[in-house]
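Novice: test case, fold it:
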Amino acid sequence: MTKADLVQRVADTIGPGVTKRDCAVVVDAFLDSIKNAMAEHQNIEIRGFGTFKVRERKSRLARNPRTGDPVEVPPRAVPVFKPSKELRAIVEERPLEV
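Specialist: Residues are numbered from 1 along each chain as shown. Model prediction:
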């Protein structure tokens with residue numbers, strides 16, 4: 001699903017009173033709010049959906065695959081999504097379509 005598909009579904013759900021352009025503004029504002037909060041290392045909890053978090057990865061020693069030399073990887077922040085129990089249950093009950 002793309003962002004355009006998401007905008008279309010929101011427009012279909014709301015009904016004929018709202019344009020797709022208005023729905024696109026709402027979807028963009030929602031996604032920008034999540035991005036900005038995560039950039040400030042804040043957690044976002046959406047009940048029934050899940051939690052967006054920023055985790056700090058520690059520095060570690062890795063190896064260059066070409067030469068085998070050890071390389072230090074610096075610490076960094078990574079975005080993480082943890083689905084809620086409700087979302088996991090919905091996904092598990094639907095079979096995979098191959």
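
Novice: ok, residues contacting the helix ranked longest in the chain?
Specialist: Counting residues, the longest helix found in the chain (DSSP state H) is helix 20-39. Residues outside helix 20-39 that contact it (CB atoms under 8 Å, 6 or more residues apart in numbering): Lys3, Leu6, Val7, Gln8, Val10, Ala11, Ile14, Asn43, Ile44, Phe52, Val54, Pro79. Quick note: C-beta positions are derived from backbone N, CA and C, even for glycine.

Novice: can you select the buried ones from these in PyMOL?
Specialist: Those of those that count as buried under 16 or more other CB atoms under 10 Å are selected in PyMOL with:
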select buried, resi 7+10+11+52+54
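
Novice: re earlier: what would the longest helix of the chain look like as CSV? C-alpha coordinates only.
Specialist: Provided in CSV are the C-alpha atoms of helix 20-39 (Å, rounded to 0.1, in the frame of the first residue of the first chain):
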residue,chain,number,x,y,z
LYS,A,20,-8.8,13.7,-1.6
ARG,A,21,-6.6,16.8,-1.4
ASP,A,22,-7.9,17.5,2.2
CYS,A,23,-7.3,13.9,3.1
ALA,A,24,-3.8,14.1,1.8
VAL,A,25,-3.1,17.1,4.0
VAL,A,26,-4.4,15.2,7.0
VAL,A,27,-2.3,12.1,6.2
ASP,A,28,0.8,14.2,5.6
ALA,A,29,0.3,16.1,8.9
PHE,A,30,-0.1,12.9,10.8
LEU,A,31,3.1,11.4,9.3
ASP,A,32,5.0,14.6,9.8
SER,A,33,3.9,14.7,13.5
ILE,A,34,5.3,11.2,14.0
LYS,A,35,8.5,12.0,12.2
ASN,A,36,9.1,15.2,14.2
ALA,A,37,8.3,13.5,17.5
MET,A,38,10.7,10.6,16.7
ALA,A,39,13.4,13.1,15.6
